[in-house]
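Enquirer: Whatever this is, show me its structure:
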Amino acid sequence: MLNLEWLRSFKAIYEEGNISRAAPKLYSSQPGLSMQLRALEQHLGYKLFIRAGRQMKPTEEAKQLHAYVLPALERLEQVEELFQQSALQKRERIRIGLCSEIFSLVLAPQLSTLSFDVHARFADNSTLFKELEQGLLDLLITAQPLDHSLKKRFEAAHFSQEQLYLVGSKNLDLSPFQQAIKAQDYKRLTQQLREFPWYAVINEMEHSRRFWSDNFEESLPFQPNFMLPSLATIIQCLKTQEGLAIIPDILIQKELENKELQLIWSGKTPSVNPLYFIRDKHSRKEKELELLKAIFKQKMPPQIKKELQA
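Expert: Take a look at the predicted model:
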C-alpha cells in the first residue's frame, strides 16, 4: 500500500525540482526526504527522477504519477485545514465565496473592523456551489438561485439585486445607438453594436448572453473579441480603449460619475439578477454570518437611478 508521506515527499520534490528546497516545505531533513523517495521508487519499481546537477528532472512515470495524485493530495490538504484547530486560535474563521469585484467594493474596506478571520474565495458559480456542498464555504454570495435539491440543507436569502447594462468607452459617439433605440430599430442596433470590439469574462459569458437574449430575442450571434479574467479588468480596459461590454450597474457607479465610461443602454427589457446569501441552515457561526450579511446590506452600491440613453 502506498504511504501518504511518500506521496507528499514526491509532490514536494516534483514541484520544487530540488530536495534541498523541498525539505523545508515538509519540515523534514534532506536525508529523510531522500529516504521517502527511495522507498516510493522501490515500491513502484521504477525511477521517478533523474539527477541533473542539483536539479531533479521528473521521468515520464513521475509526470503521470503527479497528475494522478495531485487532486487527491490537494483535497487532503483542504480537509486538514478545515479540521485543524490550534489550541491558541481564538478567532473564528469565515470562509466566503463571491465575485472579486463585490468583495473589493463592499467587504475589503471593512476587514479591519471584524473580530473574526475571513478567507475569501473567488471562482465561477459552479465551483463555488461545489465547495459549499463540500463544507468548504460558510457563506456564498451569488446571483444564481439555490437549486431545489439543496434546499433541505441550505437556505438562500435575497438581499439586493443588480441590473445589466450595455456600457462603452468614454470616447464613443453614442448618436447612432441613440437614433436606433429611439426608432426601436433593433436590427440596425445589433449591426451597429457588432462594429465595435466586445469584452467578456472568460468562462462566465452569462451576462452578455442574458442581456442579448432579453433584448434581441436571439442567442448572442458572435464571440467577444477579448476574453478577460474578471469584470474589473474589463472596466479598466474600457477606460483607455474603445469597446463595449455588458456589466452589472452596481460595479460601475464611480466610473459613470467620473465620466470614465458611458452607459449606452439599459435595454428594452430590464435584465435584473437578484443577489442571494446562501448558507448552511445548521451553521454554528450564526453571529459572524449575521454581521457579514448586515455589512453587505448596508454597504452594497445602489442601483443606477438615472437613464442615460436616448
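Enquirer: who touches the nearest residue to Q241 once chain neighbours are set aside in this structure?
Expert: Once flanking residues are discounted, Q241 sits nearest to S169: 6.4 Å by Cβ to Cβ, 6 or more residues apart in numbering. For the C-beta atoms, the positions are set from N, CA and C on the backbone; glycine is no exception. Residues in contact with S169 (Cβ atoms under 8 Å, 6 or more residues apart in numbering) are 238-243, 261-262.
Enquirer: so how far is Q262 from S169?
Expert: 7 Å (Cβ to Cβ, to the nearest Å).
Enquirer: residues of stretch 58-72 that come out buried?
Expert: The neighbour-count criterion (16 or more other Cβ atoms under 10 Å) identifies 58, 62, 65-66, 69 as the buried residues of stretch 58-72.
Enquirer: that older thread, looking at the contacts of S169, which are in strands?
Expert: Judged by DSSP state E, the contacts of S169 include 261-262 as members of strands.
Enquirer: mind putting the contacts of S169 in CSV, pLDDT, neighbour count and distance to P301 included?
Expert: CSV is the format used below for the contacts of S169 (pLDDT from 0 to 100; neighbours: other Cβ atoms under 10 Å; distance: Cβ to Cβ, whole Å):
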residue, pLDDT, neighbour count, distance to P301
L238, 95, 25, 18
K239, 93, 13, 18
T240, 92, 10, 23
Q241, 93, 12, 24
E242, 94, 13, 26
G243, 94, 18, 23
L261, 95, 22, 15
Q262, 93, 20, 18
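Enquirer: which ones among the contacts of S169 are found in helices?
Expert: 238-240 (DSSP state H).
Enquirer: could you dump these to CSV with distance to V79?
Expert: Output for those, formatted as CSV (distance: Cβ to Cβ, whole Å):
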residue, distance to V79
L238, 42
K239, 43
T240, 45
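Enquirer: any idea which of these is closest to V201?
Expert: Of all these, V201 sits closest to L238, with 13.1 Å by Cβ to Cβ.
Enquirer: Near the closest residue to R93 other than its chain neighbours, how many other residues are there?
Expert: Sequence neighbours aside, D117 is the residue nearest to R93 in space, at 4.5 Å (criterion: Cβ to Cβ, 6+ apart). Look at D117: counted by other Cβ atoms under 10 Å, it has 13 neighbours.
Enquirer: looking at it, D117 is touching R95, isn't it?
Expert: No - under the criterion of Cβ atoms under 8 Å, D117 makes no contact with R95, lying 9.3 Å away.
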